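**Student:** missing the sequence, but the structure's below:
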């Protein structure tokens, strides 16, 4: 079997929201949006590997198969973002094919002056273009952007807490951590099935001992992959 990075490979990437590991109240919102092919301007925030960008792509594709994804980390100057809005307006907004979707990834990496390039754009063209902003740190967003978006938080840990401090009750979705672990295991089983890999309960129990791996599905699946590969040596 060829070597596959389970947590980032196109072969294992979720194809719909139901395949993802998310806490229930967040998943309920995203499932409804998926069912209705619906979007609002939104901020998807959370730690690395929690499913923000994947969710954004799944929803965007339902509305706009040619959605635009812009990496603000590598192309985040004020002028680059101004040029992006101009291109959206002149070449995309007036396209009669329907609503366009713009994903702005790593948006927290740019300063407030650059972020606010989108303030007027999001107001004037909301009827024609929906913007999904993906960030690792909600605090780094300007107030003007926050005011124009619905916030969808993907984290399952306290803000500013140690990564081992998982707190499900903050979302009022889970009775205990074990319910989140079951959600991670369900997602991992889907990933493994796609590539024909058998994940044993022993492997799952081993990952469960390391709370830092339970913060995000990417960390969880990455650890499972290491255990699986070690078992084959």
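**Tutor:** All right, it came through fine. Note that this is a predicted model, so its numbers are computed, not measured.
**Student:** and the strands in this structure?
**Tutor:** Under the criterion DSSP state E, the chain contains strands at 42-45, 68-71, 100-105, 129-135, 150-153.
**Student:** could those strands be laid out in a markdown table, adding distance to residue 35?
**Tutor:** Just so you know, the C-beta spots here come from the backbone N, C-alpha and C atoms, and that holds for glycine as well. What follows is these, written out as a markdown table (distance: least, Cβ to Cβ, whole Å):
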| stretch | distance to residue 35 |
| --- | --- |
| strand 42-45 | 16 |
| strand 68-71 | 23 |
| strand 100-105 | 17 |
| strand 129-135 | 16 |
| strand 150-153 | 16 |
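**Student:** any idea how far the most centrally placed residue in the chain lies from residue 26?
**Tutor:** Nearest residue to the geometric centre of the chain (Cα atoms, centre = their mean): residue 52, 0.8 Å. Residue 52 is 11 Å from residue 26, where distance means Cβ to Cβ, to the nearest Å.
**Student:** list residues touching both of those two?
**Tutor:** Shared contacts of residue 52 and residue 26, defined by Cβ atoms under 8 Å, 6 or more residues apart in numbering, are found at residue 154.
**Student:** now stretch 49-69, how far from the centre of its chain.
**Tutor:** 8 Å (Cα atoms, centre = their mean, to the nearest Å).
**Student:** ugh, wrong one, I meant stretch 82-95
**Tutor:** 25 Å.
**Student:** for that stretch, give the mean pLDDT please.
**Tutor:** Stretch 82-95 shows a mean pLDDT of 80.
**Student:** give me the contacts around that stretch.
**Tutor:** By Cβ under 8 Å, 6+ apart, stretch 82-95 touches 68, 70, 100, 102, 117, 118, 121, 125, 128, 129.
**Student:** buried ones among those residues?
**Tutor:** The neighbour-count test (16 or more other Cβ atoms under 10 Å) applied to those identifies 68, 70, 100, 102, 117, 118, 121, 125, 129 as buried.
**Student:** can you list those residues in TSV and add pLDDT and distance to residue 198?
**Tutor:** Below are those laid out as TSV (pLDDT from 0 to 100; distance: Cβ to Cβ, whole Å):
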residue	pLDDT	distance to residue 198
68	93	39
70	96	39
100	90	42
102	95	40
117	95	49
118	95	46
121	93	49
125	89	49
129	91	44
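**Student:** of all those, which comes closest to residue 215?
**Tutor:** Taking Cβ to Cβ as the measure, residue 215 lies nearest residue 70 of the buried ones among the contacts of stretch 82-95, at 26.7 Å.
**Student:** which residues of this structure fall in helices?
**Tutor:** Ranges of helices in the chain, per DSSP state H, are 24-36, 52-63, 78-87, 112-115, 117-124, 143-147, 177-194, 201-208, 217-231.
**Student:** other SSEs contacting the longest one?
**Tutor:** Packed against helix 177-194 by the contact rule (3 or more Cβ pairs under 8 Å, 6 or more residues apart in numbering; DSSP states H and E) you find helix 201-208, helix 217-231.
**Student:** and what of the fifth one?
**Tutor:** Using 3+ Cβ pairs under 8 Å, 6+ apart as the contact definition, the elements that helix 117-124 packs against are helix 78-87, strand 129-135, helix 143-147.
**Student:** how does this structure divide into domains?
**Tutor:** Using automatic domain parsing, the domains assigned to the chain come out as 1-10+158-233, 24-155.
**Student:** now the last one, how far from the chain's geometric center?
**Tutor:** Put plainly, it is domain 24-155. For domain 24-155, the distance to the chain centre is 11 Å (Cα atoms, centre = their mean).
**Student:** end to end on that domain, go ahead and measure it.
**Tutor:** 12 Å (Cα to Cα, to the nearest Å).
**Student:** burial count for residue 22?
**Tutor:** 25 (other Cβ atoms under 10 Å).
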